[in-house]
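would you be able to build a 3D model of this:
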Amino acid sequence: MTTEAARAVERVARLSYGRLVGRLVARTGSLADAEDALSDALTRALEV
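Model prediction:
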């Protein structure tokens, strides 16, 4: 992954983290599961 792509992922995480967690909580009913899922997704995005 390029530095530019990593910065883009970081920017999305910073700007949208709360909204993304909120949507995942609405689907899963669990804040812990939502945070874990989002963390996993962001980590995976940085690995690609």
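
which residues sit in contact with residue 22?
If a contact means CB atoms under 8 Å, 6 or more residues apart in numbering, then residue 22 has no contacts. The C-beta positions use only the backbone N, C-alpha and C, and glycine is treated the same way.

actually residue 17, not the one I typed
residue 38.

and the pLDDT at it?
Each residue has a pLDDT score; the one for residue 17 is 93.

helix, strand or coil for it?
Recorded secondary structure, residue 17: helix (DSSP: H, G, I helix; E, B strand; the rest coil).

tell me how far it lies from residue 2.
Distance of residue 17 to residue 2, given as CB to CB, to the nearest Å: 22 Å.

likewise for residue 41?
Distance from residue 41 to residue 2, by CB to CB: 19 Å.

and those two? Which one has more around it.
Remark: of residue 41 and residue 2, residue 41 carries more neighbours, 14 against 7, as counted by other CB atoms under 10 Å.

model confidence for that one, exactly?
You'll see residue 41 listed with a pLDDT of 91.

secondary structure element holding it?
Per DSSP states H and E: residue 41 is located in helix 31-47.

quick one: that helix to chain centroid distance?
5 Å (CA atoms, centre = their mean, to the nearest Å).

residue ranges with poor pLDDT in this structure?
Within the chain, the stretches with pLDDT under 70 are 48.

show me the residue at the heart of it, geometrically.
Nearest to the mean C-alpha position of the chain, by CA atoms, centre = their mean, lies residue 38 at 3.8 Å.

that residue and residue 16, how far apart?
10 Å.

gap between residue 22 and residue 13?
For residue 22 relative to residue 13 (CB to CB), the value is 14 Å.

residue 25 too?
Taking CB to CB, one finds residue 25 at 17 Å from residue 13.

contacts for stretch 40-48?
1, 6, 9, 13.
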